[in-house]
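Asks: Output the structure for:
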Amino acid sequence: MELVRYIHLNPLRAGMVKDLRELDRYPWSGHSAIMGLNKNDWQEVEEALLHFSVKEARARRNYRRFVEGGVEQGRRPDLQENRVSKGECKEDSDSRILGDRVFIERVLDDTDKVYRPKKKRIPLPDLVKRVSETLKVDQGDLCSGDRKSQVSKARSVISYVAVREMGYSGVEVGRILNLSGAAVTKSVEKGKRIISADESLRKLIS
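Replies: Reported below is the predicted structural model:
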């Protein structure tokens with residue numbers, strides 16, 4: 001309910017409408033559809049309204065009152081993605097999870113514990129150095145957002161080895177490579193495919 005309210009108040013916070021009455025009829029927001037003043041065939045209006053009452057008219061009144069109560073809240077960091085400055089070799093956000101940095105890290109860390117192999121670990125900076133040297137990639141490029149094929153390959157190999165072979169969490173890997181949790185997950189799967197097709201990389205892991 002909080003998220004529904006926050007999203008539908010975006011036009012008001014952005015100054016695209018002057019007040020809630022104007023927002024009620026604003027065609028470029030799902031709020032007007034929930035209020036029954038516009039129609040979006042793709043929008044799950046009933047699902048939203050059922051949180052406020054099983055009776056449609058009462059649900060709309062309760063929803064409108066609830067939205068009005070959120071106008072003074074302004075921006076809420078806990079309902080936005082958290083971003084760090086571009087170029088820093090860390091990432092405190094994940095597009096799949098809404099919440100502050102501490103909450104995001106806790107969720108990802110708990111998820112990573114489902115699979116935590118008991119194998120010998122080396123410090124992540126050492127792993128980054130070894131893979132970079134093997135694939136002839138500049139370490140600085142790994143956390144710069146560079147999308148060159150060889151750089152992407154190195155990130156994927158590091159992610160796979162760190163998470164699946166050494167038991168590091170996705171959060172830890174994301175910090176050192178400047179990747180979101182979702183990006184680390186994708187890199188792990190990509191790294192698995194790369195390594196299975198490359199004998200020299202398999203030897204590096206062993």
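
Asks: what about the helices in this structure?
Replies: Secondary structure of the chain by DSSP state H: the helices cover 2-8, 10-13, 20-24, 30-34, 45-49, 56-68, 101-112, 124-135, 139-142, 149-160, 170-177, 181-196, 199-205.

Asks: Serialize those helices to TSV and add fields for distance to residue 74.
Replies: All C-beta spots, glycine's among them, are computed from the backbone N, C-alpha and C. TSV is the format used below for those (distance: least, CB to CB, whole Å):
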stretch	distance to residue 74
helix 2-8	10
helix 10-13	7
helix 20-24	14
helix 30-34	17
helix 45-49	22
helix 56-68	14
helix 101-112	20
helix 124-135	38
helix 139-142	37
helix 149-160	37
helix 170-177	29
helix 181-196	27
helix 199-205	50
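
Asks: Apart from its neighbours in sequence, what residue is nearest residue 192?
Replies: residue 160 (5.2 Å; CB to CB, 6 or more residues apart in numbering).

Asks: hang on, isn't residue 121 packed against residue 163?
Replies: No: look at residue 121 against residue 163 with CB atoms under 8 Å: they stay out of range, at 11.2 Å.

Asks: Please identify which of those two sits among more neighbours.
Replies: residue 163 (24 against 14; other CB atoms under 10 Å).

Asks: Break this protein into its domains for me.
Replies: Listed domain ranges for the chain are 2-75, 101-205 (source: automatic domain parsing).

Asks: For those domains, give me CSV that also has mean pLDDT.
Replies: Output for these, formatted as CSV (pLDDT from 0 to 100):
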stretch, mean pLDDT
domain 2-75, 90
domain 101-205, 82
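
Asks: Residue 75: which of the helices of the chain is closest?
Replies: If you check each of the helices of the chain against residue 75 by CB to CB, helix 10-13 wins as the nearest, at 6.7 Å.

Asks: Need the contact partners of that closest one.
Replies: Contact with helix 10-13 is made by 17, 19-20, 23, 26, 28-29, 31, 71, 74-75, as judged by CB atoms under 8 Å, 6 or more residues apart in numbering.

Asks: of all those residues, which comes closest to residue 107?
Replies: residue 75 (21.9 Å).

Asks: how close does the closest residue to the closest one other than its chain neighbours get to residue 4?
Replies: Distance criterion CB to CB, 6+ apart; nearest residue to residue 75, sequence neighbours excluded, is residue 13 at 6.7 Å. Plainly put, residue 13 is 15 Å away from residue 4 if you go by CB to CB, to the nearest Å.

Asks: Compare neighbour counts for these two and give me the winner.
Replies: Set residue 13 next to residue 4 and count neighbours by other CB under 10 Å: residue 4 wins out with 19 against 14.

Asks: Contact partners for the more buried one?
Replies: 48, 51.

Asks: And residue 151, by the same measure?
Replies: 137, 141-142.

Asks: Tell me the spatial nearest neighbour of residue 148, not counting adjacent residues.
Replies: residue 141 (7.3 Å).

Asks: Before I go, just wanted to say thanks for your time.
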